[in-house]
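1. Have a look; sequence and predicted model below, questions after that.
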Amino acid sequence: DVVFGFMEDYPRDLLEFESRFSSEEDCRDYLFALRWPDGFRCPGCGHERAWAVRKVWLECARCGRQTSVTAGTIFQDTRKPLRLWFRAMWQVTSQKNGTSALGLQRVLGLGSYQTAWTWMHKLRRAMVRPGRERLTGVVEVDETYWGAEEEGVFGRQIERKALIAVAAEERGTGLGRIRMRRVKDASAASLIPFVEESVEPGSVVHTDDWSGYDPLKKRDYGRRIVTIKHHREQASELLPRVHLAISLLKRWLLGTHQGAVSHEHLDYYLDEFVFRFNRRNSRSRGKLFYRLAQQAVTVEPTPYRSIVADWDAETF
């Protein structure tokens, strides 16, 4: 029988990490406990008992279905050792500002930049926890741009630049959690779904007087409006928390990633930034590793071909 107990612990530092995950079996055991904290459940029939088959596979004692700790996760079909994946997760979470694909390739000694790039994007997909709680209380919301300057484009119009909607919780005089997502444009049709996805109903949404937010008054939200009389630059003073988040985002994109972030993959970089920012006060970097590993076993596998699939021009 295969029986494991629930495990919440995580390595506190690099030495503990190296000691804890020195073998493939150590890594599989850790993923097992994260995936089935209350004990094994067959993905086919839900039965609780299984037999180990060739160390890697688990065969359900009732229906005979074979599965593994990596099946149906971001690790599915990987040809690389789990120890290397664990080192990648440690590298991504232990560095305060994260790492680029090139940096990951160098640290892990990967022969291919493509492999490092693909791994980074798989891990970013695990940085959004399914069913995560929405922002609450008073939440500042505004937009920002990513991309080169455009001539002859004014106000909130865009042609080639990407528009990013940003929401930031007010926590006293400080900044709480944030949410970010690329949106098609600054219309109500784009902005209101972002607010509804990001902010808990009953909260107060703090925005400027842009008409794209007007439908909020017909939704289950309070709205606090500040008027930007002359220049959009005033928004950074009147909506300070959301613009602090925007400033830190752009510094991170230009610093860690040298600004080399394409529009079609921008959302996944935003997911990583939000994941890091919302856990910035964590006392242990090891806990970020734990959270990433925990979410990695709940995210559907993403093949390389789907990551690099052509961008659907009709979507944006």
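-> Now that the structure is in, tell me what you want to look at. Numbering: from 1, shown residues only.
2. Name the SS class of the residue in the chain sticking out farthest from the centre, please.
-> For the chain, the largest distance from the centre (C-alpha atoms, centre = their mean) belongs to Arg62, which lies 36.8 Å off. Judged by DSSP: H, G, I helix; E, B strand; the rest coil, the three-state class of Arg62 is coil.
3. For the protein, give me the ranges with low pLDDT.
-> Applying pLDDT under 70 to the chain flags residues 1-8, 148-159, 229-235, 309-316.
4. mind listing what's buried in whichever strand or helix holds Gly176?
-> Gly176 belongs to strand 174-183 when assigned by DSSP states H and E. Across strand 174-183, burial judged by 16 or more other C-beta atoms under 10 Å covers Leu175, Gly176, Arg177, Ile178, Arg179, Met180, Arg181, Arg182, Val183. Just so you know, the C-beta spots here come from the backbone N, C-alpha and C atoms, and that holds for glycine as well.
5. right, and the residue farthest from the centre of the chain touches His47 too?
-> Yes: using C-beta atoms under 8 Å, Arg62 is in contact with His47, at 3.9 Å.
6. Just the angle for the top helix by length along the chain relative to strand 174-183, thanks.
-> Under DSSP state H, the helix in the chain containing the largest number of residues is helix 240-255. On the basis of axes from the mean of the first three to the mean of the last three C-alpha atoms, to 10 degrees, helix 240-255 is oriented at 60 degrees to strand 174-183.
7. mind listing what's buried in helix 240-255?
-> Neighbour-count burial for helix 240-255 [16+ other C-beta under 10 Å]: Arg241, Val242, His243, Leu244, Ala245, Ile246, Leu248, Leu249, Lys250, Trp252, Leu253.
8. ditto for stretch 183-193
-> So for stretch 183-193, counting by 16+ other C-beta under 10 Å, buried means Val183, Ala186, Ala188, Ser190, Leu191, Ile192.
9. At which residues are the strands of the stretch 201-316 of the chain located?
-> 204-208, 222-226 (DSSP state E, counting those that start in this stretch).
10. I'd like those strands laid out as TSV, including mean neighbour count and distance to Thr78.
-> Below are these laid out as TSV (neighbours: other C-beta atoms under 10 Å; distance: least, C-beta to C-beta, whole Å):
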stretch	mean neighbour count	distance to Thr78
strand 204-208	21	42
strand 222-226	14	47
